[in-house]
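Chemist: What would the 3D arrangement of this be:
(one chain, ligands or ions: 1)
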Amino acid sequence: MTKRVLTGINTTGTLHIGNYVGAIRPAIRDSRNPDVQSFFFLADLHALIKCQDPARIERSRRQIAATWLAAGLDPDKVVFYRQSDIPEIPTLNWLLTCCTAKGQMNRAHAYKAATDAAVEAGRDPDSDVTMGLYCYPILMAADILMFNADEVPVGHDQLQHLEMARSDVEVLPGLDGRKMSKSYNNVIPLFEGGRKALDEAVSRIVTDSKLPGEPKDPNSNSLCVLYAAFSTPEELEAFKNELRAGLGWGEAKKRLADKIDAEIGPMRQRYEELMASPETVEAILQEGARKARAYAVPFLARLKEAVGLRAFTIPVENAAQEKTVKQTKALFKQYREKDGLFYFKLTMNGRELLLSEGFASGRDAGQWVGRIKTGGYAALEGAPVQRTEGVTDD
Ligand code: TRP
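Modeler: Coordinates of the predicted model:
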């Protein structure tokens, strides 16, 4: 059963190794799983909410696209696109905006954080709030619903926006031991600035002042957690033992930088090539947009039809009639295939929505049909079926 995984990457600024370890590396690893269909996109419409500097937006989109490709994302295996290249997304955003309660947006944490900060500074609560920020979660919902994603891996701060389960991500500590984050100014850059910037950042990791030869506590700072993200458990153990035996912090930092660079050094070279060849990246993203729109265009057409934004050539009565007919046309079909197994599927107006796995007996298939008919949507959880809607256009 293929699982559809989708994630967006805001394009403001550049990436650090916390983004790499926490998001990019696991996402690329998962995308190589043949049972996973991955959608990765540059959330450049979201970026405009936080950043109104066109040069920075432009640079960041290029850097982040090149980073994902350099880190091993295979654009032939995944759908990799820019949010702003899919005009159906803002349209879906509007359809959702029209049925979202304002109260729900009042409770969104990005909005609340902005109003809290303004109040604290003695200003009007809404003084720093644009409508983009206020409606941020709706655009995010449009991103996800457009492609009917099953799983959306994101950072903790985005959890409220999703209100759905996600796989755990690794959180990397920064130079000072707090979560690695641009806002704490404690990051190790991923590619920008080259090896020199990497060494320079690593040298700023905060340690105690024990001298070489003195036994060190390997857990007294973020050095070993960072080391762990780029090494095997055995290598990590050996590193810790050396610290306990007196390895100097300076030498330890050099080894950490070497370790990180062993993994990201070769990628950095590819990154620089991609940055020097914007037309290559542009072509990849255009192709990604084409693939994404193969889903988005027919889906939005159905949504527009559903809300009443129809061609005038469909008479109103007919459209209404058609709707009643349509609603009665959801059908379960049970059948036996050439492989001797029993299957069922659910179709609506001739369009396949669900397809079951094969069952050895027709009774088992029938029981599942019964359960789904009575339990509805909730009964699909764990059911041996594949949701095929939207994929049939392939
Ligand atoms: N808001 C997300 C972030 O800041 C990026 C994003 C935009 C996103 N749309 C999304 C993530 C949809 C997952 C799904 O990280």
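Chemist: Once you drop chain neighbours, what's closest to residue 335?
Modeler: For residue 335, ignoring the flanking residues on the chain, the nearest one in space by CB to CB, 6 or more residues apart in numbering is residue 343 at 5.9 Å. The way it works is simple: take the backbone N, C-alpha and C, and place the C-beta from them, glycine included.
Chemist: On the three-state scheme, that neighbour is what?
Modeler: strand (DSSP: H, G, I helix; E, B strand; the rest coil).
Chemist: thinking it is in contact with residue 354, fair?
Modeler: No: Residue 343 is beyond contact range of residue 354, at 10.6 Å (criterion: CB atoms under 8 Å).
Chemist: and the residue nearest to residue 335, how many neighbours?
Modeler: Residue 343 has 18 neighbouring residues, counting by other CB atoms under 10 Å.
Chemist: can you pull the pLDDT of it?
Modeler: Looking at residue 343, its pLDDT reads 95.
Chemist: how near is it to the ligand?
Modeler: 33 Å (CB to the nearest ligand atom, to the nearest Å).
Chemist: residues in contact with that residue?
Modeler: 334, 335, 336, 337, 355, 356, 357, 358, 359, 365 (CB atoms under 8 Å, 6 or more residues apart in numbering).
Chemist: how far away is the residue in the chain that the ligand sits nearest to from residue 360?
Modeler: Ranking the residues of the chain by distance to the ligand (CB to the nearest ligand atom) places residue 8 first, at 2.9 Å. From residue 8 across to residue 360, the span is 42 Å (CB to CB, to the nearest Å).
Chemist: Those two - which one has more neighbours?
Modeler: Taking other CB under 10 Å, residue 8 and residue 360 do not tie; residue 8 has more neighbours (21 against 10).
Chemist: Let's see the helix or strand harbouring that one as CSV, backbone CA atoms only.
Modeler: Under the criterion of DSSP states H and E, residue 8 resides in strand 3-10. C-alpha atoms of strand 3-10 as CSV (Å, rounded to 0.1, in the frame of the first residue of the first chain):
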residue,chain,number,x,y,z
LYS,A,3,1.7,6.0,1.5
ARG,A,4,1.8,9.6,0.3
VAL,A,5,4.2,11.8,2.3
LEU,A,6,4.2,15.5,1.7
THR,A,7,6.3,18.3,3.2
GLY,A,8,6.9,21.9,2.6
ILE,A,9,10.0,23.9,3.2
ASN,A,10,9.8,27.6,3.9
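Chemist: Can you list the neighbours in contact with whichever helix or strand comes after that strand?
Modeler: Scanning forward in sequence from strand 3-10 by DSSP H and E, the next helix or strand is helix 17-19. The contact list for helix 17-19 (CB under 8 Å, 6+ apart) reads 171-172, 174, 179-181, 187-190, 226, 229, 260, 264.
Chemist: Could you point out the longest helix of the protein?
Modeler: Secondary structure of the chain per DSSP state H: the longest helix is helix 278-307.
Chemist: Against which helices or strands is that one packed?
Modeler: Helices and strands touching helix 278-307, by 3 or more CB pairs under 8 Å, 6 or more residues apart in numbering; DSSP states H and E, are strand 36-43, helix 54-70, strand 79-82, helix 88-97, helix 136-146.
Chemist: Going by neighbour count, which residues of that helix are buried?
Modeler: Buried residues in helix 278-307, defined by neighbour count with 16 or more other CB atoms under 10 Å: 281, 284-285, 288-289, 291-293, 295-296, 299-300, 303-305.
Chemist: Tell me which two of those residues sit farthest apart.
Modeler: In those, two members sit farther apart than any others by CB to CB. They are 281 and 305, at 35.7 Å.
Chemist: lowest-pLDDT helix or strand in this structure?
Modeler: helix 316-327 (a mean of 55; mean pLDDT, DSSP states H and E).
Chemist: Can you name the next helix or strand after that one?
Modeler: Of the helices and strands lying after helix 316-327 in sequence (DSSP H and E), the nearest is strand 330-336.
Chemist: For that following strand, name the packing helices and strands.
Modeler: Checking 3+ CB pairs under 8 Å, 6+ apart, strand 330-336 ends up next to strand 342-348, helix 362-375.
Chemist: So which of the buried residues of helix 278-307 would count as near the ligand as well?
Modeler: With CB under 6 Å from any ligand atom as the criterion, the buried residues of helix 278-307 include none near the ligand.
Chemist: ok, of the residues you listed, which one's closest to residue 210?
Modeler: Lowest distance from residue 210 to the buried residues of helix 278-307 (CB to CB) belongs to residue 281, with 46.3 Å.
Chemist: For this protein, which residues score under the pLDDT cut-off?
Modeler: 1, 154-170, 314-329, 389-394 (pLDDT under 70).
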